[in-house]
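Q: Sequence and predicted structure, then a few things I'm wondering about:
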Amino acid sequence: YQRRVRAALVLQKYVKAWKVRVEVVPKIHERIENEKALKKEREKAELMRILEEQKNIELEYQKKHLAEQIKLAELKAQEDEKRKQEEAERLKKIQQEEEERKRKIQMEEEERQKRFKIEEEERRRRLELEEEERRKKIQIEEQKLEALRKEKEAQLEIKKQK
């Protein structure tokens, strides 16, 4: 019984952890994605403002500077994409580990239940055997008592005949 209670408590702990992963973690990632999108939009707005200011500067310098900014933005986008992919892989790995852990917990629980059933069956058989032995002993005692009673009756009968 205590093992079952402890197993239930452990299971509740894992269920709570799972709920946090399922309910809280996706919201956090959604907020992070929204913040990244806002940051990108701000960066784009800043780049446009810089470009407007530099229209007054000579055309060659403007082209050169614009090309550098575009290159930097592309590199940053590539880095962001790479980071996003790494994060997705990391989350996938965490999810796989969580599924593996849940599967192991389930297998352990099934094994515990099998052992419990086997122990219960052995206990039941042992009790049945003990009960049967007890009945046999009682029956033997009753037979002995019956034999003694018949023997006394026979002795009384012999005395009456004498």
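A: Everything's here; your move. The model shown is predicted, which means the values in this text are computed figures rather than measured ones.

Q: for the longest helix seen in the chain, packing partners?
A: When the chain is scanned for its longest helix (criterion: DSSP state H), the result is helix 59-161. Contact partners of helix 59-161 among helices and strands, from 3 or more CB pairs under 8 Å, 6 or more residues apart in numbering; DSSP states H and E: helix 2-19, helix 25-53. Placement of C-beta: from N, CA and C, glycine included.

Q: who wins for proximity to Glu111 among the ones you listed?
A: Comparing the helices and strands packed on helix 59-161 by their distance to Glu111 (CB to CB), the top pick is helix 2-19, with 11.2 Å.

Q: Pull that closest one out as CSV, backbone CA atoms only.
A: Extracted in CSV, the C-alpha atoms of helix 2-19 (Å, rounded to 0.1, in the frame of the first residue of the first chain):
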residue,chain,number,x,y,z
GLN,A,2,2.8,2.4,0.9
ARG,A,3,4.6,1.6,-2.4
ARG,A,4,1.4,2.5,-4.2
VAL,A,5,1.0,5.7,-2.3
ARG,A,6,4.6,6.7,-3.0
ALA,A,7,4.3,5.7,-6.7
ALA,A,8,1.1,7.9,-6.9
LEU,A,9,3.0,10.8,-5.3
VAL,A,10,5.9,10.4,-7.7
LEU,A,11,3.5,10.2,-10.6
GLN,A,12,1.7,13.4,-9.4
LYS,A,13,5.1,15.2,-9.3
TYR,A,14,5.8,14.1,-12.8
VAL,A,15,2.3,15.2,-14.0
LYS,A,16,2.9,18.6,-12.5
ALA,A,17,6.3,18.9,-14.2
TRP,A,18,4.7,17.8,-17.5
LYS,A,19,1.9,20.4,-17.1
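
Q: residue closest to the middle of the chain?
A: Nearest to the mean C-alpha position of the chain, by CA atoms, centre = their mean, lies Lys102 at 3.4 Å.

Q: wait, what's in contact with that residue?
A: Tyr14, Trp18 (CB atoms under 8 Å, 6 or more residues apart in numbering).

Q: 52 is where my numbering starts, stick with that
A: All right, first residue 52 from here; so that's Lys153.

Q: Any figure for the gap between it and His116?
A: Lys153 is 55 Å from His116, where distance means CB to CB, to the nearest Å.

Q: where in this protein is pLDDT low?
A: 107-108, 113 (pLDDT under 70).

Q: residues near Arg134, how many?
A: Residues contacting Arg134 under the criterion other CB atoms under 10 Å number 11.
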